[in-house]
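A.B. asks: Need the 3D shape of this:
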Amino acid sequence: MSKIKSMEELQKIRNKVVEQVQLRKTGENKDRIILAVGMATCGIAAGARATLSALLDEISIYKLDQIAVVQTGCLGYCYAEPIVEVRIPGQEPILYGEVDEQRARDIIRIHILQGALLENAIIGKGFEKI
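C.D. replies: Just a heads-up that it's a prediction; the model follows:
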């Protein structure tokens, strides 16, 4: 890691971290899109940390402030980890399995921004909230 050479550089790093923390808060906004990432032991072992980071990165790139990313426990689909649940207000929840970094980016670019489902990755639709 390189040394921080100026107060400006430190402020940029701080702003980026604050922005990522804000993306992980749900708040009370009922219009907010929720992305829940399975972060139980099985999810973490399957790469859920990289999935979470990729989601946060894409959200930051597109400046999507209406999305909250939250961590959740085991969803019972250990065979399909890492798992991401997408909850868009007014739509049925979608559960995606085997979400690596690329599929996480596709969830943002295709599902969230274009409104199309990633049919080959869906493992559940319209279930109760987790």
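A.B. asks: Assign a three-state SS to the residue nearest the centre of the chain, would you?
C.D. replies: Central residue of the chain (Cα atoms, centre = their mean): L55, 4.2 Å from the mean position. Secondary structure, DSSP: H, G, I helix; E, B strand; the rest coil: L55 is helix.
A.B. asks: and what of V69?
C.D. replies: When the rule is three-state DSSP, V69 gets the label strand.
A.B. asks: quick one: low-confidence parts of this structure?
C.D. replies: 1, 19-29, 127-130 (pLDDT under 70).
A.B. asks: which strands and helices sit next to the longest helix along it?
C.D. replies: Criterion DSSP state H: the longest helix present in the chain is helix 7-23. Packing contacts for helix 7-23, counted by 3 or more Cβ pairs under 8 Å, 6 or more residues apart in numbering; DSSP states H and E, involve helix 48-62, strand 67-72. Every residue, glycine included, has its C-beta placed from N, CA and C.
A.B. asks: Give me the buried stretch members for stretch 101-117, please.
C.D. replies: Buried residues in stretch 101-117, counted by 16 or more other Cβ atoms under 10 Å: 101, 103-108, 111-112.
A.B. asks: For those residues, please prepare TSV with the additional fields distance to C78 and secondary structure.
C.D. replies: Shown next, in TSV, are the buried residues of stretch 101-117 (distance: Cβ to Cβ, whole Å; DSSP: H, G, I helix; E, B strand; the rest coil):
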residue	distance to C78	secondary structure
E101	20	helix
R103	17	helix
A104	18	helix
R105	23	helix
D106	22	helix
I107	20	helix
I108	24	helix
H111	23	helix
I112	26	helix
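A.B. asks: which one of these is nearest I122?
C.D. replies: Nearest to I122 among these: H111, at 9.9 Å, using Cβ to Cβ.
A.B. asks: returning to what we had before: which among the helices and strands packed on helix 7-23 is found nearest to G124?
C.D. replies: G124 lies closest, by Cβ to Cβ, to one member of the helices and strands packed on helix 7-23: strand 67-72, at 13.7 Å.
A.B. asks: Kind regards, and thank you for your time.
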